[in-house]
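K.L.:
Fold the following.
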Amino acid sequence: MSSIKIRDSDSQQSLMGEAETPQFCGICKREISKYTCPRCNLKYCSLNCYKHETHSECTEAFYKDNIIEEIKSQRVDEDDKMKMIDMLRRFEQEGDEMSREAMEMVDEDYDDITDRFNDLNIDSADIETIWSKLTPRERAEFQEKFIDGKPENLLEIIDELPLWKPWWEHSNNNGSKIVEISSQTVEDEEYSQKKSRDTLLQRPQILSDIKKIEELTKKSPNPALTLNLINILYVYAYICRIFNGSIHENVQDSINVLWDLSPVLNATKNLVFQSIDEAITASSMITIQNPKYKQPPEFQSLILGDIVCLLTSIDAVLAALSDLYRLFQSQQQTFTTTASNNYLPKNSSKTKDDYKKKVFLTEKKLYFYIAYVNSLPQQSTAVLEILKHEVEAERVKCIREGQGYKRDREKIEEVFGNRQYGKNEIESNDGKGGLITEI
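P.N.:
Below you'll find the predicted structure:
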């Protein structure tokens with residue numbers, strides 16, 4: 001890819017770095033990392049390292065979330081309870097003695113859960129309080145499922161979590177507009193709808209009463225701003241992926257990632273990319289060089305595919321920008337409700353006023369792009385189509401480069417695989433090359 005011509009010093013510094021080196025586990029410091037903690041971005045190699053005492057803050061938070069979800073899943077609302085009781089009573093009327101016992105068990109289980117957790121806000125309670133309210137049997141089940149090493153790797157734990165699917169993938173193959181998901185009314189499909197509810201995410205609502213671009217600026221916007229959109233969509237897809245769609249659950253973390261990865265959103269001065277290649281590379285190079293944001297090689301092509309989907313329609317682009325706008329808007333609201341500096345990022349060198357100003361400026365910048373996209377002429381679909389084809393070309397190139405890298409790696413492993421190098425590890429002579437471990 002060509003070099004990026006951006007004058008913003010912070011952006012240039014972020015794009016410079018040492019050659020890519022293998023990322024070792026942040027816990028044991030011996031094995032090459034395979035996973036990234038979604039809470040603190042720590043790189044680790046195995047479940048044992050993930051559960052290490054030095055990583056206990058994230059581990060306990062994960063266990064707490066699972067306990068909470070387990071408790072929530074056991075709660076029965078009054079409607080469901082009455083339906084079960086009515087059904088059991090019908091059996092009882094038919095002379096089924098066992099149904100009476102079952103009905104009593106339902107009441108006992110329901111009352112037991114209610115009594116233990118009715119006075120507790122499980123969303124804010126600490127893990128010790130929740131743990132103390134579990135029965136010995138519930139503790140044993142949770143211990144066996146999540147703590148005692150039953151999952152062979154984190155993939156099995158991930159299977160316990162709801163599978164998130166981007167809202168922009170919901171357009172059909174015929175290219176129709178993405179539609180907001182309505183409630184299911186057909187009884188025969190209720191079960192399948194409930195099963196897939198976690199995988200379907202409603203498209204963010206587009207801002208209403210968007211101002212005309214002429215109300216925001218007297219100058220005609222630079223047509224090359226459409227290239228800046230590619231960069232914004234890149235980081236939007238990135239944070240949605242790494243936070244599993246929950247970008248509004250921890251607004252501060254989402255904002256910090258956006259600023260770190262997007263020169264457009266982070267820059268205090270206006271900048272305009274000159275090509276799609278530049279707009280993509282400005283962020284992708286940071287994800288390659290910064291261990292904090294490093295992802296598997298396939299992740300880059302996945303993000304580019306997301307951008308292609310988002311460029312399907314103006315509405316999809318506006319929905320993404322509106323989602324980002326509300327993210328910064330919600331952070332603005334914390335300034336009026338938080339008396340201290342608790343909303344400032346940890347280890348931040350910024351003052352409260354600096355941080356508030358930056359959030360404000362980014363929010364206004366996003367609104368400008370919303371107004372700009374909304375004011376594009378009727379032929380804007382043609383513009384999106386051109387952008388989409390160019391991003392798709394970048395995606396294909398990325399896939400081919402990844403395949404070439406994989407072939408080269410396999411050849412190296414094949415050549416050196418039969419040689420004895422200590423613990424089957426291959427390291428370059430200068431110490432800077434990749435470390436290949438036979439599996």
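K.L.:
Report pLDDT for residue 205.
P.N.:
On pLDDT, residue 205 comes in at 93.
K.L.:
I'd like to know how many residues surround it.
P.N.:
Neighbourhood size, residue 205 [other CB atoms under 10 Å]: 12. To be clear about C-beta, it is placed using only N, CA and C from the backbone, and glycine gets the same treatment.
K.L.:
roughly how far apart are it and residue 247?
P.N.:
15 Å (CB to CB, to the nearest Å).
K.L.:
and what of residue 268?
P.N.:
23 Å.
K.L.:
So which of those two has more stuff around it?
P.N.:
Applying other CB under 10 Å to residue 268 and residue 247 shows that residue 247 carries more neighbours, namely 22 against 10.
K.L.:
Mind checking the pLDDT average for whatever helix or strand residue 49 lives in?
P.N.:
Assigned by DSSP states H and E, residue 49 falls within helix 47-50. For helix 47-50, the mean per-residue pLDDT is 81.
K.L.:
the strands in the stretch 301-439 of the chain, which residues?
P.N.:
425-426, 436-437 (DSSP state E, counting those that start in this stretch).
K.L.:
and those strands, which one's lowest on average pLDDT?
P.N.:
Per-segment mean pLDDT for the strands of the stretch 301-439 of the chain reaches its minimum on strand 436-437, at a mean of 37.
K.L.:
Just give me the neighbour total for residue 363.
P.N.:
When neighbours are counted by other CB under 10 Å, residue 363 registers 19.
K.L.:
With the one 10 residues further on instead?
P.N.:
Residue neighbour count, defined by other CB under 10 Å, stands at 21 for residue 373.
K.L.:
Please apply the same query to residue 273.
P.N.:
24.
K.L.:
what does the one 3 residues further on give?
P.N.:
Using other CB under 10 Å as the criterion, residue 276 is surrounded by 20 other residues.
K.L.:
my read: it touches residue 390, true?
P.N.:
Yes - Residue 276 lies in contact with residue 390 (CB atoms under 8 Å); the separation is 4.7 Å.
K.L.:
Helix or strand: which one has residue 281?
P.N.:
Per DSSP H and E, residue 281 falls inside helix 276-289.
K.L.:
ah, wrong one, I meant residue 202
P.N.:
Here residue 202 is assigned to no helix or strand, by DSSP H and E.
K.L.:
Okay, domains of the chain per the record?
P.N.:
Domain assignment for the chain, taken from automatic domain parsing, gives 53-158, 206-401.
K.L.:
weakest of those domains by average pLDDT?
P.N.:
Ranked by mean pLDDT, the domains of the chain bottom out at domain 53-158, with a mean of 64.
K.L.:
what's the neighbour count on the residue nearest to residue 370 when sequence neighbours are not counted?
P.N.:
In this structure, residue 370 finds its nearest non-sequential neighbour in residue 321, 4.8 Å apart by CB to CB, 6 or more residues apart in numbering. Residue 321 has 27 neighbours, counted by other CB under 10 Å.
K.L.:
Repeat that for the one 3 residues further on.
P.N.:
Counted with other CB under 10 Å, the burial measure for residue 324 works out to 27 neighbours.
K.L.:
how much space between the spatially closest residue to it that is not a sequence neighbour and residue 219?
P.N.:
What sits nearest to residue 324 in space, not counting adjacent residues and going by CB to CB, 6+ apart, is residue 366, at 5.4 Å. When CB to CB is the yardstick, residue 366 and residue 219 sit 19 Å from each other.
K.L.:
what does residue 49 give?
P.N.:
54 Å.
K.L.:
With neighbour numbers in mind, choose between those two.
P.N.:
residue 49 (22 against 7).
K.L.:
hang on, isn't the more buried one packed against residue 55?
P.N.:
Yes - judged on CB under 8 Å, residue 49 makes contact with residue 55 at a distance of 7.4 Å.
K.L.:
Could you name every residue contacting both of these two?
P.N.:
Here residue 49 and residue 55 share the contacting residues residue 27, scored by CB atoms under 8 Å, 6 or more residues apart in numbering.
K.L.:
re earlier: determine the set of other helices and strands touching the helix holding residue 49.
P.N.:
Using 3 or more CB pairs under 8 Å, 6 or more residues apart in numbering; DSSP states H and E as the contact test, the elements touching helix 47-50 are helix 154-158.
K.L.:
Would you map the helices across the stretch 201-350 of the chain?
P.N.:
In the stretch 201-350 of the chain, the helices defined using DSSP state H, counting those that start in this stretch lie at 213-216, 225-242, 251-261, 263-266, 276-289, 297-310, 314-337.
K.L.:
Buried residues, the longest one. List them.
P.N.:
Neighbour-count burial for helix 314-337 flags 314, 316-329, 331 (criterion: 16 or more other CB atoms under 10 Å).
K.L.:
same deal with the first one?
P.N.:
By neighbour count, with 16+ other CB under 10 Å as the criterion, the buried positions of helix 213-216 are residue 213.
K.L.:
Point out the other elements, helices or strands, that that helix touches.
P.N.:
In terms of contacts (3+ CB pairs under 8 Å, 6+ apart), helix 213-216 is packed against helix 352-374.
K.L.:
how much does the helix it packs on deviate in direction from helix 225-242?
P.N.:
120 degrees (axes from the mean of the first three to the mean of the last three CA atoms, to 10 degrees).
K.L.:
which parts of helix 352-374 are buried?
P.N.:
Going by neighbour count (16+ other CB under 10 Å), the buried part of helix 352-374 is 355-356, 358-359, 362-363, 365-374.
K.L.:
Nearest to residue 310 among the residues you listed?
P.N.:
Nearest to residue 310 out of these is residue 373 (CB to CB; 11.4 Å).
K.L.:
ok, that closest one - contacts?
P.N.:
Counting by CB under 8 Å, 6+ apart, residue 373 touches 229, 314, 317-318, 321, 380.
K.L.:
Can you name the residues that contact the nearest residue to residue 206 once chain neighbours are set aside?
P.N.:
Counting by CB to CB, 6+ apart, residue 318 is the residue found nearest to residue 206 once chain neighbours are left out, at 4.7 Å. Residue 318 is in contact with 206-207, 370, 373-374, counting by CB under 8 Å, 6+ apart.
K.L.:
repeat for residue 44
P.N.:
Contacts here follow CB under 8 Å, 6+ apart; on that basis residue 44 touches 25-27, 33-37, 50, 55.
K.L.:
can you do 10 Å?
P.N.:
Contacts for residue 44 (CB atoms under 10 Å, 6 or more residues apart in numbering) come out as 23-28, 31, 33-37, 50-52, 55, 154.
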